[in-house]
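Asks: What shape does this take:
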Amino acid sequence: MDLHLTDDLDKLHTMMSEAYTRTKGGEPPPALNIDIAPSATPTVDAVTPAAASADAVKEPTAEMPDAGIALATIDAEFNWNRLPSLSGVEAMSGNDVLKLMADLLAGVRDLGVSDLRISPGSKPCVIHDREMRFFGDCILTAAAAAKLNTILLTPQLRGRFDESQEVNYAMSLSDDKRIRVNLMQQHHGIIGTYHFVPTSILSLQELGFVHEKVIDRLLDYQHGLILVSGRSGHGKTSTLAAMVDYINENYGRFILSLESPIEFIYTNRRSIIAQREIGTHCETLEEALRNAMRSSPDVILISDELEDPACIKLALTCASMGTLVLCSAHTSNAGKALERLITMFPVDERVQIELMLAKTLVGVVAQILCDRADGQGKVPAHEIVMRCETLSNIVRQGEILNLRNYINDEIEGMQSFDACLRQMLAENRVSPPEAYMHAANKTEFAEYLPERTYFGADGRAASAVAEEEDNRPT
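Replies: This is a model prediction of the structure:
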């Protein structure tokens, strides 16, 4: 049995179609080895794919939520007819469910959306421009959602899921179409989120960096720490991939990428890139970082946030020993990214960490996704902090909370979110209410707002136009 996974769910789709046809014709289905994750572990044997456990499939004792209330409107822009019906999943055989998932993932991929979500008590939905859009003709039961979400799990992944009630992995629809999957057990059953990774790595300019040359300067450093900060779903992974691609195109370096799971697949150009998946090629991030320096990497990419003191110390040690370390932080701005690293440590250890960080920090790139003024998707705004004596002193003296006061737009390379939003507003890339909503100094942006602008409970802005005259009885 091959423990490595094929990177081609389209091929799986064809194989399952053939198996389905043979079974309907009375022939026994062929034995099947299915590999679906990128680097790794899972295997599904033959006609009996990994079945959901009884505990996972049983209906929840609590009342299921009413998914018919306030569902998002189905947009006419999507051809929903290309997606298969999920009705009757509970009674389907393993092979039929596997074929159904292959059809569903291929169909949703072709819609051009970012995510598919399969949840008990709800119709399935896709995410487009960070908005949910429901589709289909049935509300999924806990048994149906469990069957759909666990059919792709291999024994190794299933074991991890049973142990922790959650699992993350990646798989491929084809050589260049990858999916990042998260499954988690919750009160009503198993919910699955399938994120479609972009098929190509965009350049920094294509990602919307106005001053991409400033980022290039950060990447010219041969050692130190670069943080990419932003909320979940705001493009940190794409930015880190663009940074690695820039180094790959311009320098001959050995790049070690530590990911959980692997999303973008890099092709060696001027550099050599080794991609290791946490949980597959190594047990933990801490273990991977401890062993990293033995291979003498020039660059280390850490795709996940540094979440414990041991990993933070190891990353800073690598950065101080001649390696350029790139990693992400799940915070909304540069100051909070640095504060989060420091406050991971007990108070009596923070002075040492501040000294290490002051010595190694090259820069911080924070980003948020804003609604475009023309309504056609999202556009990023950036805050950029670059290495300078002032920055080092701020970190060394523990004045992180005052960092915003030192981000001077007049200093080359420094850029605050507000400065970026002003430029985007002048270029009509975002609307005044959108700029106001994301601005730190809202007083400065209030003058641009249309008269009587208000913000709804969902944080979106709308202009209130008086309609008393029209609504008065005649």
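
Asks: how far away is the closest residue in space to Ile118 that isn't next to it in sequence from Thr150?
Replies: Once flanking residues are discounted, Ile118 sits nearest to Gly192: 4.6 Å by CB to CB, 6 or more residues apart in numbering. Where C-beta positions appear, they are placed from N, C-alpha and C, glycine not excepted. Distance check for Gly192 against Thr150: by CB to CB, to the nearest Å, it reads 9 Å.

Asks: picking up where we left off before, beta-bridge partners for the residue nearest to Ile118, please?
Replies: Ile118, Leu183 (DSSP bridges).

Asks: Return the residues in contact with it.
Replies: With contact set as CB atoms under 8 Å, 6 or more residues apart in numbering, Gly192 has these partners: 117-119, 145, 148-149, 181-183.

Asks: what's the spacing between Pro433 and Glu283?
Replies: Looking at Pro433 against Glu283, where the rule is CB to CB, the gap reads 48 Å.

Asks: Those two: who's more crowded?
Replies: When Pro433 is set against Glu283 and neighbours are counted by other CB atoms under 10 Å, the residue ahead is Pro433, at 19 against 10.

Asks: Which element, helix or strand, includes the more buried one?
Replies: Assigned by DSSP states H and E, Pro433 belongs to helix 432-438.

Asks: just to revisit the earlier point, so what's in contact with Gly192 and Thr150 at the same time?
Replies: Residues touching both Gly192 and Thr150 (CB under 8 Å, 6+ apart) are Leu183.

Asks: next SSE after the strand or helix carrying Ile384?
Replies: Element membership for Ile384 (DSSP H and E) is strand 378-386. Moving toward the C-terminus from strand 378-386, the next helix or strand (DSSP H and E) is helix 389-396.

Asks: Okay, buried residues for that next one please.
Replies: Of the residues in helix 389-396, those buried by neighbour count under the rule 16 or more other CB atoms under 10 Å are 391, 394-395.

Asks: again with stretch 327-345
Replies: Going by 16+ other CB under 10 Å, stretch 327-345 has these buried residues: 327-342, 344-345.

Asks: Mind listing what's buried along stretch 244-262?
Replies: Under the neighbour-count criterion of 16+ other CB under 10 Å, stretch 244-262 has 244-248, 251, 253, 255-262 buried.

Asks: Apologies, that question was intended for stretch 366-384.
Replies: With burial defined by 16+ other CB under 10 Å, the residues of stretch 366-384 counted as buried are 366-373, 378-384.

Asks: Tell me how far stretch 154-171 lies from the chain's centre.
Replies: 18 Å (CA atoms, centre = their mean, to the nearest Å).

Asks: Then stretch 308-326?
Replies: Taking mean C-alpha positions (CA atoms, centre = their mean), stretch 308-326 and its chain are 23 Å apart.

Asks: Using PDB, write out the CA atom coordinates for that stretch.
Replies: These are the backbone C-alpha positions of stretch 308-326, laid out as PDB (Å, rounded to 0.1, in the frame of the first residue of the first chain):
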ATOM      1  CA  ASP A 308       4.800  29.200  22.200                       C
ATOM      2  CA  PRO A 309       8.000  30.600  23.800                       C
ATOM      3  CA  ALA A 310      10.100  27.600  22.700                       C
ATOM      4  CA  CYS A 311       9.400  28.200  19.000                       C
ATOM      5  CA  ILE A 312       9.800  31.900  19.300                       C
ATOM      6  CA  LYS A 313      13.300  31.500  20.900                       C
ATOM      7  CA  LEU A 314      14.300  29.000  18.300                       C
ATOM      8  CA  ALA A 315      13.200  31.300  15.400                       C
ATOM      9  CA  LEU A 316      15.000  34.300  17.000                       C
ATOM     10  CA  THR A 317      18.100  32.200  17.400                       C
ATOM     11  CA  CYS A 318      18.000  31.100  13.800                       C
ATOM     12  CA  ALA A 319      17.600  34.800  12.800                       C
ATOM     13  CA  SER A 320      20.600  35.800  14.900                       C
ATOM     14  CA  MET A 321      22.800  33.000  13.400                       C
ATOM     15  CA  GLY A 322      22.700  34.100   9.800                       C
ATOM     16  CA  THR A 323      19.300  33.000   8.500                       C
ATOM     17  CA  LEU A 324      16.500  35.100   7.200                       C
ATOM     18  CA  VAL A 325      13.300  34.000   9.000                       C
ATOM     19  CA  LEU A 326       9.900  34.800   7.600                       C
END
